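Enquirer: show me the folded form of this:
(one chain, ligands or ions: 1)
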Amino acid sequence: MRKKIQILLLCSFFFIFSVKDSFALFGKMTISDEEKIGKEFDTKAQSMLLFVEDPEITSYVKDIIARLAREDKILPFRIKTRIVQNSAINAFAVPGGYIYVFTGLIENLNTEDEFAAVLAHEIAHVSRRHVAKRAEQTKLTNIISLTTLIAGALLGASGGENSQNIAGALILGGQAAATQSFLNYTRENEQDADHHGIETLIAANYNPKAMVSTFQIMYEKVRLYINSNIPSYLSTHPALLERVSYLNNRLQYYPQKVLDRPQKNEQFLRIKALAQGKYADASIHIERIEKSVDNSALALLTKALFYERLNRKKNAEETFLELLEKEPNDPLFLREAGRFFFQQGDLKQSLNLILRSMSIAPNDTNTQFVLAKLYAAQKENALAAKLLLNLLREFPRNAEIHQELGKVLGKEKQFFDAHKHLYIAAFFTKNQSRMQIHLRKMTEHAVSKKEKKELEQFIKKPSGKKRTP
Ligand SMILES: [Zn+2]
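Expert: Presented below is the predicted three-dimensional model:
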């Protein structure tokens, strides 16, 4: 059986510098160097990690980051956010302002303030340019080597759902820790990010106590998973209790009304329920959730999503119906149930739920996506294509939308564009063989001058043109 380890990897990025030693000095690392490294790293990350593209989750995270970034007065980069499908409790920042948030982080925290605390910490690493400074000090400014190093160590370590790989990363970090003194330096970085992060958190109107409780949660989780299979150095790194203690000291200096700020969690808990239901390992968590006494609507939602992913259709249907009975007018629940019934082929029930959801939340892009699929199922291909193209403007990297649009255009006999979108879908789901098939088909169907030109661009740049980060 696959062993499940959920471990803290917060800021694991910094371990990577430990495996260096033989890099040439190229002088100072500039802002544009950093941007270049970040971009190269991100391209590698796209091909190796699975990103969450669910607009509900991504918009939520981006909004919080924007709210925090506004308060960090020295931030030299626009933050680019990626959400990685992985159960590790992790987030890390890469040079150039790329922040990667793991779904495991969302799944294990309790309030938006706690989540924002981690993000504020990562933003502080970016704005304080810790990586650039560290690289300069260690004479590690050869950009190509640096990028390869980061990508190799980090991506190789945390790719996909397989958490054994994550244990690999920790071992790598562990060995390095034994031979290098960098860990002390990293602690300084971490402290610096904690202190600046907490200021940003406060300026963005969150409760600073959340940063302390976040570290406490992590400490408990790490302790829970510590066993003989995990390198012992993890039990000390990253000195979570020490961080709890100095942050607690710092809290004493803030006015009571700041410490009394209510922590928001309504929206966070919805996102958490969705992230769990859609990305946590259902086969592992279903037993716990079935035994749980929590009969809240959000718990029902997660349970229904687990059943759906485990292909226990009857259980899923019953749970969705129970959920709707409990909360008949919540657009999220109506939408998820509508999506489920669509998958089951019950178009009538699906349409009914989706239209009800839309009447309450007309701008919900997930709902619009299901509606587009309902149009397509009813052979209203033009309507479906129009809706999907609109959605792509907002979410150009969403594989599911490209896939659906490809199918719809195929039915309309627009073969070049159909294969183009199927190709992009294959690119974002990292399906090499399907990419090749669709590229071949695009070549066959490229007739007009415009299509031929587009095809050329695809061959040059496999992610398609104008893919905004
Ligand atoms: Zn950090």
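Enquirer: and the closest residue to residue 308 other than its chain neighbours, what is it in contact with?
Expert: Excluding its sequence neighbours, the residue lying closest to residue 308 (CB to CB, 6 or more residues apart in numbering) is residue 316, at 4.3 Å. Any C-beta I mention is one placed from the backbone N, CA and C, and that applies to glycine too. Residues near residue 316 by CB atoms under 8 Å, 6 or more residues apart in numbering: 304, 305, 307, 308, 340.
Enquirer: among the residues you listed, which one lies nearest to residue 253?
Expert: Here the nearest of the contacts of residue 316 to residue 253, counting by CB to CB, is residue 305; it sits at 43.3 Å.
Enquirer: any idea how far residue 298 is from the residue nearest to residue 308?
Expert: 16 Å (CB to CB, to the nearest Å).
Enquirer: got it, and residue 415?
Expert: From residue 415 to residue 298 the distance is 44 Å (CB to CB).
Enquirer: the two: who's more crowded?
Expert: Using other CB atoms under 10 Å, the more surrounded residue of residue 415 and residue 298 is residue 298, with 20 against 17.
Enquirer: interface residues of the stretch 151-300 of the chain facing the ion?
Expert: By CB under 5 Å from the ion, the residues of the stretch 151-300 of the chain that approach the ion are 190, 193.
Enquirer: swap the cut-off to 8 Å and go again
Expert: Counting by CB under 8 Å from the ion, the stretch 151-300 of the chain comes close to the ion at 189, 190, 193, 194, 238.
Enquirer: out of those, which are buried?
Expert: 189, 190, 193, 194, 238 (16 or more other CB atoms under 10 Å).
Enquirer: what sits closest to the third one if chain neighbours are left out?
Expert: For residue 193, the nearest residue in space outside its immediate sequence neighbours is residue 124; the separation is 4.1 Å by CB to CB, 6+ apart.
Enquirer: is it true that residue 190 touches residue 246?
Expert: No. Residue 190 is beyond contact range of residue 246, at 10.5 Å (criterion: CB atoms under 8 Å).
Enquirer: what about the residue nearest to residue 308, which helix or strand?
Expert: helix 313-326 (DSSP states H and E).
Enquirer: contacts made by the next helix or strand after that helix with the rest, please.
Expert: Moving toward the C-terminus from helix 313-326, the next helix or strand (DSSP H and E) is helix 331-343. The contact list for helix 331-343 (CB under 8 Å, 6+ apart) reads 56, 270, 274, 297, 301, 304-305, 308, 316-317, 320-321, 323-324, 327, 347, 349-354, 356-358, 360-361, 364, 366-367, 370, 373-374, 377.
Enquirer: just the buried subset of the residues you listed, please.
Expert: 56, 270, 274, 297, 301, 304-305, 308, 316-317, 320, 323-324, 349-351, 353-354, 356-358, 364, 366-367, 370, 373-374.
Enquirer: follow-up on the earlier one: now name the helix or strand holding the residue nearest to residue 193.
Expert: Residue 124 belongs to helix 112-127, assigned by DSSP H and E.
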